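S.K.: From the sequence below, what's the structure:
(chains A, B and C)
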Amino acid sequence: MLVPGILFYALFRYLPMGGLVIAFKDYNFYDGILSSPWAGLKYFEILFQSKATLQIIWNTLQLSVLSLVFGFPAPILIAIALNEVRKSWLKRWIQTIIYLPHFLSWVIIAGLVLTLFSIDGGTINKLLAQWDMEPIPFLYRSDSWIAIFVGSGLWKEMGFGAIIYLAALSAIDPSLYESAGLDGAGKLRQIWHITLPGLRPTIILLLILGMGRLMEVGFDQVYNLQNPTVLEKAEVISTYVYKVGLQQAQFSLTTAMGLFESLVGLILVLSANALARKFDQGLF
Amino acid sequence: MRESRGERLFSYLIHAGLILIALTCILPFLHLIALSVSEGQAVDLGRVWLWPVGLDFTAYRYFFENTPALRAFNNSVVITLVGTALSMLVTVLTAYPLSKRYLYARKPITLAALFTMLFSGGMIPTYLVMNNLQLTNTFWSLWFVGLVSTYNMLIMKSYFENIPSEVIESAQMDGCGEVRLLGRIVLPLSMPMLATLTLFYGVGYWNMFMNVILYINRTDLQNLPVIVQSMLQMQSMANMNAMDMVQQQELISEKLKAVGVMVMVVPMLVVYPFLQKYFVKGIMLGSIKG
Amino acid sequence: MQSPIRKRYQKLSLSLASVVLAATAVAGCSQPNEGASEGEAKKPKITVSVYDRGNIPASEGTLEDNRWTRWINERSPVEAQYVPVLRSEAVNKLNVMFASGTAPDIVNDYDTGFRDSLYKQKQLLPLDDYLQYAPEYEKLLEEYPQLRKVGTKPDGKLYEIGKINEPHLQSVAFIRMDWLKKLNLEVPKTTEELYEVLKAFVEQDPDGNGKKDTYGINMSYTSGGMVDSMFGSGGWKISEDDQVVRSWDNSLEALKFKKRLFEEGLVDRDYLADQNGAKAKQDYLNGKMGVYLPPAITNWFENTVTDIKTIRKTVPEAEIAPMMQPKSPMGQFVHHVTNPIQMTTVINAAAKNPQAAMEYINFILQSDTALTLKKGVENEHWTKDEDGKLKVIDLDKNMKEVDWAMDYTMFYSLPLNPHLLFEAAYDLSDPDQKAGLAMMREADSYLLNPEAKYPALAHYEHMPVLPSELVVINTNVSKEVSDILVKGIIGGAKYSAEQAIEDARAAWEKSGGKQIEAFMEEWYKENKETAFLGEDALEVVRSQLQ
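M.R.: Here you go, the predicted model:
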């Protein structure tokens, strides 16, 4: 039964992984992957010697940890909230609507952000002006920019992310709620004692998997929301690699950076799993 | 059961909060819809908000007549339907055995799969493999490159593992073999999760962009995201003789982009309610009692 | 145990299976089917890359097979098979093709860095031995030797084929003459005068609506570069003693000016977030901008006729005119020109039949071929009127059948054919279009000002390509510097322009800027004669205009 799966992984995932050697070679088209001259750790040196690189790695971690801290619970809360909606037509409508933003590209969302938060014509600042307050440069201060970054990511994904929790919720035995209600447990207690434990395996699983993606702050999101004033905090690995690497055929450099990201992801996943094992919920 | 005042308040808050959130999510779409059917000039001057200014469907007509959009749409449908079916099939075939605790090589294989979620050979090496297998320029390259999403597979495996053992054991006592067990018991019980993953794969294939760019050369096999992306990047063409440049400008503008986005999103809107039907409460319950 | 869910599940799997089978049949049948020209099997075959802009109507076919590919293959001495690459992902796609040895014989791409990376990886064919097969191009090389100069790589061989572009500024400022008249002001000739005019535009309510809602000028996206040009702040320049140095002094003046504009509200304070200049353009089209700096002018007709029409819909009395770049304390400069010598095409070193490739190029370069591919077939798409001027019969027909095919002639030098010039688009019987043409000519005349210098070392497509060790350093340090400069503009009274420039210089030096300077000096010394610098570009353009 496993045969097709194993074939797939072997052919399309592990075979190309051989190409990772590019990170250790001076890869060029003429010599190809196999014959390109070895360069050892040269590209890693180039990456890590630059002062900017450390700042960029820090930015990447910062943005992605914040996104995780705020963005991870949001879909869970949404799913639980939706679960409490009694009228099923309303529930369906809301579910469908809130999952829409997932399909908007960041180009569009960046435009929306601009409309809301810009200094001169932004909706919020216009309101502030009506109340005789000074406009706030939301997009140009690192702290507010980061908040907007995390918030917009949350808004975009929470509806879509809730889907899997909704699926998990439907596996919880409704009679548990009934009996709890009969025993006099209020809504909140029911949620705490039934819903959350029911979701526990799913939550932990997604958390561990999410760790592996920690270094992957989405290119599109950052690239479209960035502006020159906040670049100090808003330049992340993916945008940096894009500006330096892809645009100048620096394949070895970009592969080296990617390899580094993967390594960090691996360490994080293994650690998260080890932690989860203590609670008997390890992935493996 | 009488609801306490606190509970009623709680309920109101939840409903209000959700409705508020839903509003923020739908407003951008109203704006896009309005853009796509408004008069071109109003769009260019930034005058359209939530309601169309004037009614003008030429952008939709242009989209389907003057670009390869229709063909791309059909391609997208084929790619998505077949891809999703194949992916679900192989994912089930992979996740199910891995969920069995008695399977010999279970842990190493799972780890190996997880590894691929973190490490990847990259654009060029993967292309080289695909090229050597002569799969480029066919839909098969798209279906193979994304055949199993390890993320999805691990979710599925975890779900299978969490099916109460009583159900499985009782079926086994009735003399059920592995395949029958999978087909008649496990899968029906997993409908919500299967529906969810079908949606995930479906969305993935529907929006597939970079892979299509890389592996497909023939323009008649391109899918919708590629065409829409070209539109988003389109600048005014070097057609200098157009007396009606004004009209042309309208087309190659925010309006057309809005049309592109709408065409991409509407199918997703239509599909989701269907899948929601599978999120039936108490699905596990029915199996135990039965 | 046949629960309703199970039944549904069975139906689902059955339908899925049938879909799989059906689609497999469909997908399997999509075999490459380009054996259209069977009888011509004797013609040598080549492959050519062409940009895919996603704008070919379905009824016309595909980029690989449509009326024009058929037209070309009927007449050309070679059989050309086209390989489409999406415009926005061209570099990625072509890279992957070269990596796998599947790249086309003729590669067309505007990205200088990309073509150069191909050269460095020995993927390009030197052209000298094959020029004989493309006499049209040889002719062009004699008339415009700069084409050879620019297409030659450090090893002294010719690798790139290119085209001449019409001589124009890359962009020009447009000013509201009616506002000037209303406020009794003259067209500003110096940056100080410009400042005064902008101030008046913002504070004296020129649109007479009682609200202070007008903008002076825009700096969003690349428009800020136009302000830099006024001060000759292009990053590098040639010093009095003929060395390449950084243009810090110019940058300082430019920064001071921009800072004033920002602090006094003469520009949109959100200009930094206007990522593509769209908002600025909207403000202009809505009649709210006094001096508009278009990020780039790709189509003069659009900026001189279409935009005006749009503005007049809101503000019927608007009068727009181009404005010469004002003189700054650093001197009189012109803005960048459109690249007069633009390289577009290279040949794959692995091409099996370079001679055939050159013959194909030669065919496209022939005047009639190019004209047909750009405007259509005579009498079917256009006719010539009594004055010999080309008139398109039906614009919609052309839009549907011809206009999308523009990239087949990507390497053709448009100015060679008078029917293909920008000016041919203007119908002089329409007073607005006549005025528009006059505007374009007016803008061109600014180039002829003998006092005006080029604002940078060279056009960005002709700047030297850095070696890989310096690429990372350059990206980083350029970013740091530009960040500091931006802070200098918006940082308020506490952060003066002088302080910003000082900090920028310090950052430059600390992060390896000196290495880049060393490289540039070296490069200039060695390549002074052969490089195509800003002044050279200006020279070419001036000679074309006269």
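
S.K.: Where does the stretch 1-150 of chain A get nearest to chain B, which residue?
M.R.: Per Cβ to the nearest Cβ, A:Gly19 is where the stretch 1-150 of chain A lies closest to chain B, at 2.4 Å. C-beta here means a position set from N, CA and C on the backbone, and glycine is covered the same way.

S.K.: Does that residue touch B:Gly121 like I think?
M.R.: Yes: under the criterion of Cβ atoms under 8 Å, A:Gly19 makes contact with B:Gly121 at 4.0 Å.

S.K.: So, low pLDDT: which residues of the chain?
M.R.: Here I'm looking at chain A. Within chain A, the segments meeting pLDDT under 70 span A:120-121, A:244-249, A:281-284.

S.K.: Switch to chain C, please.
M.R.: Using pLDDT under 70, the flagged stretches of chain C are C:1-41.

S.K.: Go again with 50.
M.R.: C:1-40 (pLDDT under 50).

S.K.: Quick check: the closest residue to chain B within the stretch 51-200 of chain A vs A:Gly212, distance?
M.R.: Across the stretch 51-200 of chain A, no residue is closer to chain B than A:Ala167, which sits at 3.8 Å (Cβ to the nearest Cβ). A:Ala167 sits 21 Å away from A:Gly212 when distances are taken as Cβ to Cβ, to the nearest Å.

S.K.: Show me where the stretch 51-200 of chain B has its helices.
M.R.: Remark: helices assigned in the stretch 51-200 of chain B by DSSP state H, counting those that start in this stretch are B:58-65, B:69-98, B:106-118, B:123-132, B:139-145, B:150-161, B:165-173, B:178-180, B:187-189, B:191-206.

S.K.: So which of the ones you listed is nearest A:Gly32?
M.R.: Closest approach to A:Gly32 among the helices of the stretch 51-200 of chain B (Cβ to Cβ): helix B:123-132, 8.9 Å.

S.K.: Which strands or helices does that closest one pack on?
M.R.: Packing partners of helix B:123-132 (3 or more Cβ pairs under 8 Å, 6 or more residues apart in numbering or on different chains; DSSP states H and E): helix A:15-17, helix A:32-35, helix B:139-145, helix B:210-215, helix C:90-99.

S.K.: nearest to C:Glu522, of those helices?
M.R.: helix C:90-99 (27.8 Å).

S.K.: and B:Tyr12, how many neighbours?
M.R.: By other Cβ atoms under 10 Å in any protein chain shown, the residues close to B:Tyr12 number 10.

S.K.: Find the helix or strand that it is a member of.
M.R.: helix B:5-37 (DSSP states H and E).

S.K.: show me where pLDDT drops low in the stretch 1-150 of chain B?
M.R.: Filtered on pLDDT under 50, the stretch 1-150 of chain B yields the residue ranges B:1.

S.K.: Would you mind naming what in it lies close to chain C?
M.R.: B:41, B:44-46, B:65-71, B:78, B:81-82, B:85-86, B:88, B:123-124, B:127-128, B:131, B:136-140 (Cβ under 8 Å from any Cβ of the partner chain).

S.K.: Just want to check the distance between the nearest residue to C:Gln544 once chain neighbours are set aside and C:Ser117.
M.R.: Nearest non-adjacent residue to C:Gln544, counting by Cβ to Cβ, 6 or more residues apart in numbering or on different chains: C:Pro167, 4.0 Å away. For C:Pro167, the distance to C:Ser117 (Cβ to Cβ) stands at 30 Å.

S.K.: quick one on the thing from earlier: just the buried ones from the residues of the stretch 1-150 of chain B next to chain C?
M.R.: Neighbour-count burial (16 or more other Cβ atoms under 10 Å in any protein chain shown) applied to these gives B:41, B:44-46, B:66-71, B:78, B:81-82, B:85-86, B:88, B:123-124, B:127-128, B:131, B:136-140.

S.K.: Can you give me the neighbour number for C:Ser468?
M.R.: C:Ser468, neighbours per other Cβ under 10 Å, totals 17.

S.K.: same deal with B:Val179?
M.R.: Around B:Val179 there are 10 other residues, counting by other Cβ under 10 Å.

S.K.: where does B:Leu57 fall, phi/psi-wise?
M.R.: Check again: residue B:57 is Phe, not Leu. When read as degrees, to the nearest 10, the backbone of B:Phe57 gives phi -90, psi 10.
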